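Q: no sequence for this one, just the structure:
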């Protein structure tokens, strides 16, 4: 259960970015979590929502995009989605699969309310 | 624009663990500069990480200079066991509740060790097959332990860890046959996650299978030294 410390890092990074970019308010934090990242999306969501209560990010939406494992066969070159963590090429049955997606644990984007009135 | 509110999206693409990865990179560089092989030991609690390290120290303490960082949530018991087993450079790393080690913890302990005097650094992680998989500690490879008193489907339950490991040690083979653990099945399960896993089968209790493990360690150190 390290999602709380991961959520804390995300929170701190967002605050730092707000300062650097001089953003008054962030409405959404979008993260990408790969199936091999070792992080549970539900637990991360819960942790982030708990952390932002009574903080400068109170009310901020937290959106998680879960990334399935993608692999590339080192024998025949086939690119495919690795289902159920079975690292086996659907074409040539090779087990030599390079992971091309699935380790992600990143803050993908921030959404801010624009100063629409100009 | 209704109410003058418009959402603006700012692409960030920032790794959450970028600070950990940076520190791990520094550790890796430092160890490589001194040609020290580094292993990160991971397993469930009770698979036998400390027992394997005791055996390893007892067998190799006159041949290899082994440094150990013994991670534990609480107590320095493991570190004390390793000192007793002949470990000359053992540092406890008590996380005080945290379920994993991270690169910052390791980089805090590392300066206390005279790494110029080392051939091999082994970091014993906290017993947990989930959280430690997210944190690079600057090791050359992860060694995952599993024992025959656990379920043979464990690699399927914790694919992230078995995918990121290079070595799988199956401990407690002296107890084979006393449970439903199926040796062929555990290997098939592990290899379906990671076809490149190198597998050792051994018993820390009887010593069976230890020689192959010890030979491999010596070879690893030799390769790192560039021999």
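A: In hand now; what should we look at? Note that the structure is a prediction, hence the values are computed from the model and not measured. Numbering: from 1, shown residues only, chains lettered A, B, ... in the order given.
Q: show me what contacts the spatially most central residue of chain B?
A: For chain B, the residue nearest the mean C-alpha position is residue B:41 (1.8 Å; CA atoms, centre = their mean). Neighbour list for residue B:41: B:49, B:52-53, B:122-125, B:142-143, B:145 [criterion: CB atoms under 8 Å, 6 or more residues apart in numbering or on different chains]. (Each C-beta comes from the backbone N, C-alpha and C, glycine too.)
Q: What strands flank the helix or strand harbouring it, and is each parallel or antiparallel?
A: Taking DSSP states H and E as the definition, residue B:41 sits inside strand B:37-42. Within its sheet, strand B:37-42 is paired with strand B:120-124 (parallel), strand B:141-147 (parallel), according to DSSP bridges.
Q: three-state assignment of the residue in chain B positioned nearest to chain A?
A: Relative to chain A, the nearest point of chain B is residue B:195 (3.0 Å; CB to the nearest CB). Secondary structure, DSSP: H, G, I helix; E, B strand; the rest coil: residue B:195 is coil.
Q: what does the one 5 residues further on give?
A: Secondary structure for residue B:200, judged by three-state DSSP, is strand.
Q: which element is the residue nearest in space to the middle of chain A on?
A: Centroid-nearest residue in chain A: residue A:32, 1.8 Å away (criterion: CA atoms, centre = their mean). Here residue A:32, judged by DSSP H and E, is contained in strand A:26-34.
Q: That strand: how far from the chain's middle?
A: 6 Å (CA atoms, centre = their mean, to the nearest Å).
Q: so does that strand get close to chain B?
A: Yes. Interface with chain B: strand A:26-34 contributes A:27-28, A:31 (CB under 8 Å from any CB of the partner chain).
Q: Which helix runs longest in chain A?
A: helix A:3-20 (DSSP state H).
Q: Please work out the angle formed by the directions of it and strand A:26-34.
A: 130 degrees (axes from the mean of the first three to the mean of the last three CA atoms, to 10 degrees).
Q: returning to that earlier point: could the strands paired with strand B:37-42 be laid out in a markdown table, adding mean pLDDT and mean neighbour count?
A: Output for the strands paired with strand B:37-42, formatted as a markdown table (pLDDT from 0 to 100; neighbours: other CB atoms under 10 Å in any protein chain shown):
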| stretch | mean pLDDT | mean neighbour count |
| --- | --- | --- |
| strand B:120-124 | 97 | 26 |
| strand B:141-147 | 98 | 24 |
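Q: contacting residues for the closest residue to chain B within chain A?
A: Here chain A gets closest to chain B at one residue, residue A:95, 3.0 Å apart by CB to the nearest CB. The contact partners of residue A:95, taken as CB under 8 Å, 6+ apart, are A:87-89, B:191-192, B:195.
Q: Understood, closing this out.
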